[in-house]
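Participant: Task: produce atomic coordinates for the following.
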Amino acid sequence: MADHPTEPQFAALLKIAAPYVPGFAGSVLALAFLERLTPRGRIVAVAVGLASAAFLGPALSALADLFWPGSMPREVDGAIKFMAGLLGMGCLPPFLSWTRKVAGDPLNLLKIQIGPGLSPGVTPAGANPEVTQ
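Facilitator: As a prediction, the model looks like this:
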């Protein structure tokens with residue numbers, strides 16, 4: 001039987017992709033909790049989760065390795081990347097809504113609120129309503 005030339009290529013591809021599997025699994029799991037996303041939004045969310053697992057996961061793993069006594073187990077490294085993918089994707093919808101709000105009114109970031117910030121018609125606690133109106 002002849003050796004298949006695709007086996008070493010598949011093994012090399014698997015070796016490259018294996019560290020990203022926990023982050024991908026975390027980002028796919030987070031889809032269960034994000035209900036109001038379009039199909040395009042789901043694809044973008046999985047890509048963001050995978051990217052956060054690919055770029056943020058190793059940095060968090062290296063940081064945890066500094067404080068880990070001895071050498072850090074591979075399972076903990078996978079768990080850190082899984083959580084990076086899960087949380088990276090879970091933070092995407094609030095971040096997108098914040099960017100839409102800022103894009104609509106960018107000067108709103110510069111507004112400073114002084115005082116308790118009461119709504120119109122609401123009196124502060126302990127104030128006499130007849131005097132404030």
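Participant: How far off centre is the top helix by length along the chain?
Facilitator: Longest helix in the chain, counting residues (DSSP state H): helix 74-90. Centroid separation between helix 74-90 and its chain, computed with C-alpha atoms, centre = their mean, to the nearest Å, is 10 Å.
Participant: Name the residues that touch it?
Facilitator: 19-20, 22-27, 29-31, 33-34, 45-46, 48-53, 56-58, 60-61, 64, 68 (C-beta atoms under 8 Å, 6 or more residues apart in numbering). For glycine as for every other residue, the C-beta is placed from the backbone atoms N, C-alpha and C.
Participant: Drop anything exposed from these.
Facilitator: By neighbour count, with 16 or more other C-beta atoms under 10 Å, those hold 19-20, 22-27, 30, 45-46, 48-53, 56-58, 60-61 as buried.
Participant: Name the residues of the longest helix of the chain that are buried.
Facilitator: Buried residues in helix 74-90 (16+ other C-beta under 10 Å): 77-90.
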